[in-house]
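>>> Sequence and predicted structure below; questions after.
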Amino acid sequence: MSDFNILVLHGPNLNLLGTREPETYGSKTLHDINAEIATLANTFNASISTAQSNHEGELVEYIQQAKQQNIDGIIINPAAYTHTSVALRDALLAVNIPFIEVHLSNTQQREDFRQKSFLADAATGIVAGFGSTSYMLALQGLMTHLQHKES
């Protein structure tokens, strides 16, 4: 049995990773990234559930269901919804589950509109700019947070 249950959510267009703008987002597919997350999670004795959606409402539903599923922490790459979604913010605040915001690219080095996050001030932490490694760093940070919270 796992010590922690972690939900990893991927927002719009992340299903295209590996072919979508590889100079910005890298060459790994979403399947590759999910497999790496699962491997790292095993070292923490954590269970990982992953989901991707291009639909804001579906992401909100995953977040809302996380409470009933006894999810201990959420890693979310909201992608374009980072800069537009009050709904994702409200859902994350409503469930009151620690979450890490993740981005493959460094959003602060990109267009002005990508530099504002609707989630950042509510997040336990933010990891951006390290490509697919951003997810691994987010998992390490979340696990450290959860382990300290538990002790």
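All right, it came through fine.
>>> C-alpha only now, for contacts and for neighbours.
Noted.
>>> which residues are contacting the helix or strand containing Val127?
Per DSSP states H and E, Val127 falls inside strand 125-128. Strand 125-128 is contacted by residues 99-107, 120, 134-135, 137-138, 141 when judged by C-alpha atoms under 8 Å, 6 or more residues apart in numbering.
>>> how about these, which pair is most distant?
Using C-alpha to C-alpha, the contacts of strand 125-128 span at most 19.4 Å, a distance reached by Thr107 and Gly141.
>>> Most neighbours among the contacts of strand 125-128, please name it.
Neighbour counts for the contacts of strand 125-128 peak at Val102, which has 32 neighbours (criterion: other C-alpha atoms under 10 Å).
>>> which SS state does it fall under?
strand (DSSP: H, G, I helix; E, B strand; the rest coil).
>>> And Met75, how far from Thr19?
I think there's a mix-up here, since residue 75 is Ile and not Met. 23 Å (C-alpha to C-alpha, to the nearest Å).
>>> More neighbours: which of these two?
Just comparing Ile75 and Thr19: by other C-alpha under 10 Å the higher neighbour count belongs to Ile75, 24 against 13.
>>> give me the element that one is part of.
Counting by DSSP H and E, Ile75 is found in strand 73-77.
>>> Let me know the next secondary structure element after that strand.
Using DSSP H and E, the next helix or strand after strand 73-77 towards the C-terminus is helix 86-95.
>>> Past the strand or helix carrying Thr39, which element shows up next along the chain?
Assessed by DSSP H and E, Thr39 sits inside helix 30-43. Once the chain leaves helix 30-43, the next helix or strand it forms, by DSSP H and E, is strand 46-52.
>>> Okay, now the sheet partners of that following strand, with direction.
Looking at strand 46-52 with DSSP bridges, its partner strands are strand 4-10 (parallel).
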